[in-house]
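Asker: Curious how this folds, go ahead:
(one chain, ligands or ions: 1)
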Amino acid sequence: MEQVDITIIGAGVVGLAVAAELSGKGREIIVIERHDGFGRESSSRNSEVVHAGIYYSKDLLKTRLCTEGRRMLYELCPRLGIGLKKSGKLIIAIEEEHLPVIEHLKEQAEENGVEGLRLLSRGEVKGIEPKVRAAGGLWSAGTGIIDSHGLMAYLEKKASPDTTFAYNCELISLERKGETYRLRIRDADGEVYEFMSRIVINAAGLGAEDVARIAGIDTEAAGYSIYPCKGEYFRVGGTGGKLFNHLVYPPPTAISLGMHTVVDLQGGMKIGPSAFYVEEIDYTVDEDHREEFYRGARKYLPDLKRENLSPDMSGIRPKLYREGEEERDFVIHHEADRGLPGLINLLGIESPGLTAAPAIGRYVKDMVIGDW
Ligand SMILES: Cc1cc2nc3c(=O)[nH]c(=O)nc-3n(C[C@H](O)[C@H](O)[C@H](O)COP(=O)(O)OP(=O)(O)OC[C@H]3O[C@@H](n4cnc5c(N)ncnc54)[C@H](O)[C@@H]3O)c2cc1C
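Answerer: Model (predicted):
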């Protein structure tokens, strides 16, 4: 039976970043992806924001990987011609009562080593965004927008000398056999193939709990249950001029960073993502949610009109916690302690996973190298 050194499940930005880091070290790698190309799920269904590292406390892995990933992207992208704009971002206090929230965010972000932060008065916010209503704001100069497709295309290319990309192939079983793993994959024609791999990296996003379960882990007991949380976007058009020029974020909620404005690299304007838990993976955007977007965004964009909003796209977060439960960190765990050496599970890689991806790749590489 064919044997490879490393198998990565999932060709989202995280699986690709891991493959890119592990390539060039004389190991044979295979990436298994159920779709016909890379980045068909969360990695192409997000705000494409390069986060500065403001929102989470210093001791979390996601904070560390976000700030490291951001630094890596700002070095890498201009050098390689990957679209990236250090656009800056405004977090606003819509009402006076939100001012302590943004003051707290500034303190926390400074503890995280985020630079380029400045508290703004009502008038200063108007100077930056004349059509935004706010009692004050926090300017983050280190936030940006990235071409996520360009980043993934680069990572796929960087990995390719040592990596086989098995697109249209779904992992259906994963079993420990002696010192290695036996994997079964099914292609689009229903053909099943078997091979062995010494190391298996589960970067399956929304499918990561299923992959961990088929490897024999009691996912509920391990705290690996995934609760999909959908985020829809509405396009902003027909405003007869720009309603906003930057990323403008309202104060964060318990389960999201809030429905913010997005200005993509082509100048297109969107508002989103919303946040609601779902049972099924369905990316359609419900037109009936227009009113919710309109009412939410009007709080800080008073000139917005209902007819300016049209359904755009959606993404689904692989959350490890339900509404009302405590927020969870990224899980990146070597399963040797569960009797599965060489299996590394990545779960709950929601925002800022795109920003953190290059640093996650490096982090996983260091874990894998310990296993060689
Ligand atoms: C609405 C939204 C907005 C966001 N905004 C931002 C942002 O602005 N900035 C930021 O930094 N982050 C953001 N994120 C987070 C970011 O998009 C994710 O953290 C990142 O894309 C995760 O990448 P991934 O590779 O882990 O997952 P994915 O991109 O979901 O990739 C996982 C892959 O695994 C494959 N797979 C699953 N199961 C199997 C199987 N059994 N066999 C084969 N293949 C399998 C899937 O098909 C998929 O392609 C956002 C996320 C969402 C949902």
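
Asker: measure the residue in the stretch 1-150 of the chain positioned nearest to the ligand to Asn112 for me?
Answerer: Residue of the stretch 1-150 of the chain nearest the ligand, by Cβ to the nearest ligand atom: Gly12 (2.2 Å). Any C-beta I mention is one placed from the backbone N, CA and C, and that applies to glycine too. Distance from Gly12 to Asn112, counting by Cβ to Cβ, to the nearest Å: 25 Å.

Asker: Look at these two and report which has more neighbours.
Answerer: Gly12 (26 against 20; other Cβ atoms under 10 Å).

Asker: I figured that one hits Gly39, correct?
Answerer: Yes. Applying Cβ atoms under 8 Å as the test, Gly12 and Gly39 come out as touching, 5.9 Å apart.

Asker: which residues touch the closest residue in space to Gly150 that isn't next to it in sequence?
Answerer: Once flanking residues are discounted, Gly150 sits nearest to Ile82: 4.4 Å by Cβ to Cβ, 6 or more residues apart in numbering. By Cβ atoms under 8 Å, 6 or more residues apart in numbering, the contact list for Ile82 reads Leu76, Ile146, Asp147, Gly150, Leu151, Tyr154.

Asker: which of those residues lies closest to Gly88?
Answerer: Closest to Gly88 out of the contacts of Ile82 is Ile146 (14.0 Å), distances taken as Cβ to Cβ.

Asker: Just to check, Ser23 is in contact with Ala159?
Answerer: Yes. Between Ser23 and Ala159 there is a contact at 4.5 Å, judged by Cβ under 8 Å.

Asker: Return the backbone torsion pair for the nearest residue to Trp372 once chain neighbours are set aside.
Answerer: Using Cβ to Cβ, 6+ apart and skipping the chain neighbours, the partner closest in space to Trp372 is Arg27 (7.9 Å). When read as degrees, to the nearest 10, the backbone of Arg27 gives phi -110, psi 140.

Asker: before we move on, what about Gly81?
Answerer: phi 70, psi 30.

Asker: what about Lys270, how many neighbours?
Answerer: 19.

Asker: Three-state assignment for it, please.
Answerer: strand (DSSP: H, G, I helix; E, B strand; the rest coil).

Asker: Same question for Gly241.
Answerer: coil.

Asker: so how far is Ala93 from it?
Answerer: 25 Å.

Asker: Among those two, which residue is more densely surrounded?
Answerer: Ala93 (24 against 6).

Asker: residue in the stretch 251-372 of the chain nearest to the ligand?
Answerer: For the stretch 251-372 of the chain, Cβ to the nearest ligand atom, closest residue to the ligand: Gly353, 1.9 Å.

Asker: Can you report phi and psi for Leu99?
Answerer: phi -60, psi -40.

Asker: out of everything not next to it in sequence, what's closest to it?
Answerer: Going by Cβ to Cβ, 6+ apart, Leu99 has Ala93 as its nearest residue, at 4.6 Å.

Asker: The one you found is in contact with Arg133, isn't it?
Answerer: No. Between Ala93 and Arg133 there is no contact under Cβ under 8 Å: 10.7 Å.
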